[in-house]
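Visitor: return atomic coordinates for the entry below.
(one chain, ligands or ions: 1)
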Amino acid sequence: MTAMLEVKNLKVAYGRVRAVKGISFSVEQGQVVTLVGTNGAGKTTTLRTISGLLRPEEGEIWFEGERIDAVPAHEVTTRGLAHSPEGRRIFPRLTVEDNLRLGAFARKDKAGIAQDLERVFDLFEILRARRAQPAGTFSGGEQQMLAIGRAMMSRPKLLMLDEPSMGLSPLMMQRIMSTITELKSEGVTILLVEQNAQAALSLADYGYVLEVGSIVLEDTGAKLLTDDNVRKAYLGED
Ligand code: ATP
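Guide: From the prediction side, this is the model:
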């Protein structure tokens, strides 16, 4: 079986600075896979390259058996790969509902869009209550929910989440993590980037540890959680 997403020997540079130094990993259908690592490890760069927002210097990206590393970003979305970016990047002047509807830009099935809008509102009740408000008035956690909801609105086969827990209270983080588990149970494949290794590895089927642009360890989430080096470096233990 070929993987849903396959990244082969990916190298990405900003000018002369190489941020990703030849990484390979894959995501099987139905899995939650996580990339963990500290600031600057290259996690965001990797997701942005998969989405078509950056071009690799070298390497290949395959999605559902087709090569996508030269495909424009909007077409990558149309093919079923959605990206909830770091730093939220929602449209502050647009209402919650308009932000969510933008996530469905490539779809024409009105009934399906209405259904998915309800699904996002069921997951995040606060968004329903404030659907007509400008998104810029929201707290960090609420904007994060909106960004995830917007990515879900394209009804993706593969959902990429960049630091969904960033800036959230422990309670909100719990909420986001259980949303990820719920999406997985609905059959959505997820590539999760997190600095919070504990949370990410606890729910991931498989994980990769990135350090300054290279993968230094990979294993099941459960095994990485109990790995001595991971515990020392990423879980704050002596
Ligand atoms: P973070 O969690 O801080 O976003 P990250 O693992 O996602 O970390 P990246 O954002 O991918 O890491 O950054 C990888 C490296 O590339 C870092 O050294 C960073 O300084 C550099 N970098 C990122 N964006 C740019 C840019 N636009 N121009 C130049 N260098 C960049």
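Visitor: and residue 118, how far is that from the ligand?
Guide: Separation of residue 118 from the ligand (CB to the nearest ligand atom, to the nearest Å) stands at 33 Å. Bear in mind the C-beta positions are built from the backbone N, C-alpha and C, glycine included.
Visitor: and for residue 208?
Guide: Taking CB to the nearest ligand atom, one finds residue 208 at 12 Å from the ligand.
Visitor: before we move on, what SS does that residue have?
Guide: At residue 208 the chain is in strand, as set by DSSP: H, G, I helix; E, B strand; the rest coil.
Visitor: and the pLDDT at it?
Guide: Listed pLDDT for residue 208 reads 96.
Visitor: surely it and residue 34 touch.
Guide: Yes: using CB atoms under 8 Å, residue 208 is in contact with residue 34, at 7.3 Å.
Visitor: neighbour count: the two, which is higher?
Guide: residue 34 (30 against 23; other CB atoms under 10 Å).
Visitor: name the residues that touch the helix or strand hosting the more buried one?
Guide: Using DSSP states H and E, residue 34 falls within strand 32-36. Applying CB atoms under 8 Å, 6 or more residues apart in numbering, the set of residues contacting strand 32-36 from outside is 25-27, 43, 46, 180, 184, 189-195, 197, 200-201, 203-210, 221, 224, 234.
Visitor: how near is residue 77 to residue 161?
Guide: Applying CB to CB, to the nearest Å, the value for residue 77 to residue 161 is 15 Å.
Visitor: meant to ask about residue 187, not that
Guide: Counting by CB to CB - residue 187 and residue 161 are separated by 16 Å.
Visitor: okay then, goodbye and thanks.
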